[in-house]
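Engineer: Sequence and predicted structure, then a few things I'm wondering about:
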Amino acid sequence: MAYFNPIKNQPLGISLASLALGFLLSGTAIAQSNYVAFELERENNWERQLAFEDLNGDELKDIVHGNYQSGVGRELHVYHQLPDGSFSTTAQRIEIKTEIIAVGFADLRPDPGSELLLISNSGVFSLSSALEGYSGNIKQLFDWELIAAVPNLERVQFITKVQDIDGDGEIDLLLPGDGVYGLFKGRGNETFELVSTFSTDNETLAAASRAGGNSGVDARIEINAEQGVVIELNVESDSSLR
Ligand SMILES: [Ca+2]
Ligand SMILES: [Ca+2]
Ligand SMILES: [Ca+2]
């Protein structure tokens, strides 16, 4: 089964069934429509481990999915989008080391495209997909004792809502820790500053969640086996977080 992309260069076409990987890209489709169909088939269901990010900086979103193979471990497989709206037939493979609990995407380095945001139980790291391997590539951004200590060794958990909370052009991170949430404000050049913490007890969280309240922050965070680290944030425009 293929899904057709009505807007060229905006990837939507994925389906799954076998190990075969191929295109459903016909000259007829190109001549008559402005969409391109791309079919990526896998033996197992995709579950939710799928993301669309521009990792090579050509402003075309690429397909990223988590993969597990016995003896190899967890990897990200990246299919780069091509100028005609189709995707590379061979995946770029990026190892996800066992310490990593969750993976996000953010434009952290001046190199083109988004970098990987790797979250372990003790810190947050950046990694460029343009460089091979971790050596000379991975950079620790800051220490943080994450509430989730045991990564799922067969699944890559994606963080899908990495946001620039205060709109200053730098992404910010709200992470659950041991008894608190930490709000890290992006300062540029891969630097982050812990600007506030929120207690995870119900009383304080309720106060932090009041729209228009003192904090101006409405936060929902959870980590579970199904969705990984889930962070939803809304900040009032006049928030003191600016
Ligand atoms: Ca791209
Ligand atoms: Ca970048
Ligand atoms: Ca920001």
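Structural biologist: Sure, I can see it. Ligands and ions are numbered 1, 2, ... in the order given.
Engineer: Least confident secondary structure element in the protein?
Structural biologist: strand 21-24 (a mean of 36; mean pLDDT, DSSP states H and E).
Engineer: Could I get the CA-only coordinates of stretch 135-143 as CSV?
Structural biologist: Extracted in CSV, the C-alpha atoms of stretch 135-143 (Å, rounded to 0.1, in the frame of the first residue of the first chain):
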residue,chain,number,x,y,z
SER,A,135,34.3,9.5,18.0
GLY,A,136,35.0,13.2,17.5
ASN,A,137,31.4,13.7,16.8
ILE,A,138,29.3,13.3,20.0
LYS,A,139,29.2,16.2,22.4
GLN,A,140,27.7,16.3,25.8
LEU,A,141,25.4,19.2,26.2
PHE,A,142,24.7,18.9,29.9
ASP,A,143,24.2,16.5,32.8
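Engineer: how about that stretch: buried residues?
Structural biologist: Neighbour counts over stretch 135-143 (16 or more other CB atoms under 10 Å) mark Asn137, Leu141, Phe142 as buried. (Glycine included, C-beta is placed from N, CA and C.)
Engineer: Surely the second one and Phe192 touch.
Structural biologist: So that's Leu141. Yes: using CB atoms under 8 Å, Leu141 is in contact with Phe192, at 5.5 Å.
Engineer: Low-confidence stretches in the protein?
Structural biologist: 1-33, 42-48, 148-149, 200-242 (pLDDT under 70).
Engineer: Contact residues of it facing ligand 1?
Structural biologist: Asp54, Asn56, Asp58, Leu60, Asp62 (CB under 5 Å from the ion).
Engineer: same thing but at 6 Å, please
Structural biologist: Taking CB under 6 Å from the ion as the contact definition, the chain meets ligand 1 at Asp54, Leu55, Asn56, Asp58, Leu60, Asp62, His80, Gln81.
Engineer: Figure out the length between the terminal residues of stretch 111-127.
Structural biologist: 11 Å (CA to CA, to the nearest Å).
Engineer: In strands, which of the residues of the chain next to ligand 1 appear?
Structural biologist: Asp62 (DSSP state E).
Engineer: Can you pull up the residues of the chain that come close to ligand 2?
Structural biologist: Asp107, Arg109, Asp111, Gly113, Glu115.
Engineer: Which among these count as buried?
Structural biologist: Asp107, Arg109, Gly113, Glu115.
Engineer: Can you add secondary structure and distance to Lys161 and give the residues of the chain next to ligand 2 back as CSV?
Structural biologist: Rendered in CSV, the data for these read as follows (DSSP: H, G, I helix; E, B strand; the rest coil; distance: CB to CB, whole Å):
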residue, secondary structure, distance to Lys161
Asp107, coil, 15
Arg109, coil, 21
Asp111, coil, 23
Gly113, coil, 19
Glu115, strand, 17
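Engineer: For those, give me a markdown table that also has distance to Lys185.
Structural biologist: Below are the residues of the chain next to ligand 2 laid out as a markdown table (distance: CB to CB, whole Å):
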| residue | distance to Lys185 |
| --- | --- |
| Asp107 | 16 |
| Arg109 | 18 |
| Asp111 | 22 |
| Gly113 | 23 |
| Glu115 | 18 |
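Engineer: Ligand 1: which of the residues you listed is nearest?
Structural biologist: Within those, the smallest distance to ligand 1 is 6.3 Å, found for Gly113 (CB to the ion).
Engineer: Not counting its neighbours along the chain, what's nearest that closest one?
Structural biologist: Nearest non-adjacent residue to Gly113, counting by CB to CB, 6 or more residues apart in numbering: Gly57, 3.4 Å away.
Engineer: Enumerate every residue touching that neighbour.
Structural biologist: Asp111, Pro112, Gly113 (CB atoms under 8 Å, 6 or more residues apart in numbering).
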